[in-house]
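> my questions are about this predicted structure, shown below with the sequence.
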Amino acid sequence: MQAASVALLGALGCQGGNTTGSSPAGSTAPAVSAAPAASAAPAGRAAAAGATGTAGAAGAASAAAVADISLTSENVLKVMNPKRREPYSGPTGTLRGRVTIKGDPPPDTGLSFPTGKCGEAAATYGRLFRVGQQNALADALVTVVNYSGYVPEREEAEKVTIHGCAFSSRTVAMTFGQRLEVANLDPLEPYMPNLEGAPFMAVLVAMPQGEAVRFHPPQPGYYELVDKMPKPFLKSQVFVLKFATHDVTGLDGQFEIKNIPVGKVLTAALLPAIDQDVKKEIEIKEGDNTVDFELNFDLKKHNEKKDAKPSP
């Protein structure tokens, strides 16, 4: 991950900050677990590859560790709510808005895609980033932090779909303790989704229109959702955050974040594909609130930054 992503995740105040463990948020590679964990394949899914870890006591311990990752597990609460505060029950606001981008159009990625069965892949991954109508910016991570109070996550799972060889979003935001569910909407094409950095014992197949494959990120941080079939272009950047107030924009550029405690907060919009973010301090009032973000893309500066050599 690049500098803006690191800076954003590292400056998220009491709701965010750096990750714990051996792989902090903002590492250049996805977080990696020291030991793979057993993962049983429910009906509608089949193990595509044999066990990649050891069996016996170690495998059982790893399976127990995965089972303990939930919104109410002790290990998660130590990270999400270390002071054991009661959930915030005061007045709250909802923040809505739109993220747009100006400047140069996104360049072609140079990737090639299978013809026929991968109809949505080119539209999703053919350019550096996705732009909708009226400069709407897709796949932007929007966050709200630095409020007072503990706001728990209300959804047990963050859901992603695959259709036409494309994930439903190139950026995924989830709260630590949630599981990630990846469902295949295609009628014929199978996939092998894998969350790089999350523990596993077998690569599971997402069967056509079958049950979702489930992943349990072992700690907050940055991961990559990929396909092992392989389709090297099929990727999504996954941010596992220490707070529940976040959203990701679609092709309309819009976002909505609910249950924000009233008062001054820090908001930010980040587009990981170009390593650029914009921040705003605003006042959340009870009821509806609105804020818009605009990023600026300069292709020349982007290429210079990409080609710059690190100092020895």
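Received the coordinates, thanks. Numbers count the residues shown, from 1 in each chain.
> which sections of the stretch 151-300 of the chain are below the confidence cut-off?
Judged against pLDDT under 70, the stretch 151-300 of the chain has no low-scoring part.
> where do the strands of it begin and end?
Ranges of strands within the stretch 151-300 of the chain are 157-162, 171-175, 179-184, 193-196, 204-206, 213-215, 221-227, 235-241, 246-248, 254-261, 263-271, 276-284, 287-290, 293-297, based on DSSP state E, counting those that start in this stretch.
> give the buried residues for the fourth one.
Under the neighbour-count criterion of 16 or more other CB atoms under 10 Å, strand 193-196 has 193, 194, 195, 196 buried. Heads up, the C-betas are built off the backbone N, CA and C, glycines and all.
> same question for the fifth one.
Along strand 204-206, these residues count as buried under the neighbour rule (16+ other CB under 10 Å): 204, 205, 206.
> distance of residue 253 relative to residue 160?
According to CB to CB, to the nearest Å, residue 253 and residue 160 sit 19 Å apart.
> make TSV from the buried residues of strand 204-206 and add distance to residue 225 to it.
Compiled in TSV, the buried residues of strand 204-206 are given as follows (distance: CB to CB, whole Å):
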residue	distance to residue 225
204	13
205	15
206	11
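> let me know the closest of these to residue 118.
Nearest to residue 118 among the buried residues of strand 204-206, counting by CB to CB, is residue 206 at 15.2 Å.
> wait, the closest one sits on residue 185?
No: Residue 206 is beyond contact range of residue 185, at 9.6 Å (criterion: CB atoms under 8 Å).
> give the residues shared as contacts by the two.
residue 162 (CB atoms under 8 Å, 6 or more residues apart in numbering).
> shouldn't residue 269 be in contact with residue 142?
Yes: with contact defined as CB under 8 Å, residue 269 reaches residue 142; the gap is 5.0 Å.
> shared neighbours of the two, anything?
99, 293.
> and those two? Which one has more around it.
Of the pair residue 269 and residue 142, residue 269 is the one with more neighbours under other CB atoms under 10 Å, namely 29 against 25.
> so what's the more buried one bridging to?
residue 142, residue 278 (DSSP bridges).
> and it, what is it in contact with?
99, 140, 141, 142, 277, 278, 293, 295.
> next, format these as a markdown table and append distance to residue 259.
Shown next, in a markdown table, are the contacts of residue 269 (distance: CB to CB, whole Å):
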| residue | distance to residue 259 |
| --- | --- |
| 99 | 20 |
| 140 | 20 |
| 141 | 18 |
| 142 | 15 |
| 277 | 23 |
| 278 | 23 |
| 293 | 20 |
| 295 | 26 |
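> which of those sits closest to residue 236?
Once CB to CB is applied, the member of those that ends up nearest residue 236 is residue 141, at 11.7 Å.
> isn't the closest one right next to residue 240, touching?
No: in this structure residue 141 lies outside contact range of residue 240 using CB under 8 Å: 11.8 Å.
> which element is the residue nearest to residue 68 when sequence neighbours are not counted on?
Once flanking residues are discounted, residue 68 sits nearest to residue 75: 5.8 Å by CB to CB, 6 or more residues apart in numbering. Applying DSSP states H and E as the criterion places residue 75 in helix 74-80.
> in that helix, which residues are buried?
For helix 74-80, the neighbour count (16+ other CB under 10 Å) marks 76, 80 as buried.
> tell me the first helix or strand C-terminal of it.
Helices and strands here follow DSSP H and E; after helix 74-80, the next one along the chain is strand 92-103.
> what comes up buried for that following strand?
For strand 92-103, burial by neighbour count (16+ other CB under 10 Å) applies to 92, 93, 95, 96, 97, 98, 99, 100, 101.
> mind saving the C-alpha coords of that strand as CSV?
Extracted C-alpha coordinates of strand 92-103, given in CSV (Å, rounded to 0.1, in the frame of the first residue of the first chain):
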residue,chain,number,x,y,z
THR,A,92,-26.7,10.7,16.0
GLY,A,93,-26.5,11.9,12.4
THR,A,94,-26.3,10.3,9.0
LEU,A,95,-23.7,11.6,6.6
ARG,A,96,-24.4,11.5,2.9
GLY,A,97,-22.5,12.9,0.0
ARG,A,98,-20.7,12.3,-3.3
VAL,A,99,-17.1,11.8,-4.3
THR,A,100,-16.0,13.2,-7.7
ILE,A,101,-12.7,13.5,-9.5
LYS,A,102,-11.4,16.1,-11.9
GLY,A,103,-8.3,16.3,-14.1
